[in-house]
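K.L.:
Next one to model:
(chains A and B)
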Amino acid sequence: DGGITQSPKYLFRKEGQNVTLSCEQNLNHDAMYWYRQDPGQGLRLIYYSQIVNDFQKGDIAEGYSVSREKKESFPLTVTSAQKNPTAFYLCASSMSVNTGELFFGEGSRLTVL
Amino acid sequence: GQQLNQSPQSMFIQEGEDVSMNCTSSSIFNTWLWYKQDPGEGPVLLIALYKAGELTSNGRLTAQFGITRKDSFLNISASIPSDVGIYFCAGQTFDMRFGAGTRLTVKP
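P.N.:
Okay, the predicted model is just below:
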């Protein structure tokens, strides 16, 4: 079945450690996104990518990094520079940046101990 | 940046009741979308609206794109227990902005 797969679903990290969240899609979509979700808040954009080997910062990119070496994959690294990394992270894709219809993965919940 | 104000923040209703929620913005959007998120899952698209004044239905759900392009509403008729979840509005011009969500609880 076509869709977006995020892993791991749950992740625990010690302060000072980097962690990478995986996002894979088989929808043949050009655009991919990472959002952060905190309780009571809307989704906030971390990074997005319109095409392979290209990505742009969103509203809250500080302390995060991404890569887009393959069309299907858009991993997110939460670095030790991110001051408050505990959150629910959502990956999404769309046919292109301006289509508006995002398809989301099931999310990854990161807890920093 | 563009801000979306979604209300109400939460709703507690009886099964069978109708539900209404809305989103407003100080900026105009070219597209309005409504998503539903079940606990621990990613949001799923319910309805997409592309034209000012457009009224679109999807089963028991009806959504409208405001004529000013600065607002949208979502109605759910005859609610059922599986309607429970968080409903997000989203507006897009160049990038997509999300409301803070409406948490819906349906009591059987």
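K.L.:
Now for A:Val78: which residues touch it?
P.N.:
Neighbour list for A:Val78: A:Arg13, A:Asn18, A:Val19, A:Thr20, A:Leu21, A:Gly63, A:Tyr64, A:Pro85, A:Tyr89, A:Leu110 [criterion: Cβ atoms under 8 Å, 6 or more residues apart in numbering or on different chains]. Heads up, the C-betas are built off the backbone N, CA and C, glycines and all.
K.L.:
Enumerate the residues of chain A near chain B.
P.N.:
A:4, A:6, A:35, A:40-45, A:48, A:58-59, A:90, A:92, A:97-98, A:100-107, A:109 (Cβ under 8 Å from any Cβ of the partner chain).
K.L.:
Could you rerun that using 7 Å?
P.N.:
For chain A, the contact set with chain B under Cβ under 7 Å from any Cβ of the partner chain comprises A:40-43, A:45, A:59, A:90, A:100-102, A:104-107.
K.L.:
Point me to the residue of chain A nearest chain B.
P.N.:
Residue nearest to chain B within chain A (Cβ to the nearest Cβ): A:Phe104, separated by 3.2 Å.
K.L.:
Return the set of residues that bridge with that residue.
P.N.:
A:Ala92 (DSSP bridges).
K.L.:
Model confidence for the residue nearest the centre of chain A, exactly?
P.N.:
Nearest to the mean C-alpha position of chain A, by Cα atoms, centre = their mean, lies A:Trp34 at 2.9 Å. On the pLDDT scale, A:Trp34 is placed at 97.
K.L.:
which residues sit in contact with it?
P.N.:
With contacts defined as Cβ atoms under 7 Å, 6 or more residues apart in numbering or on different chains, A:Trp34 is in contact with A:Ile46, A:Tyr47, A:Val66, A:Leu76, A:Tyr89, A:Cys91.
K.L.:
Test of understanding: give the bridge partners of it.
P.N.:
Those that pair with A:Trp34 in a beta bridge, by DSSP bridges, are A:Tyr47, A:Cys91.
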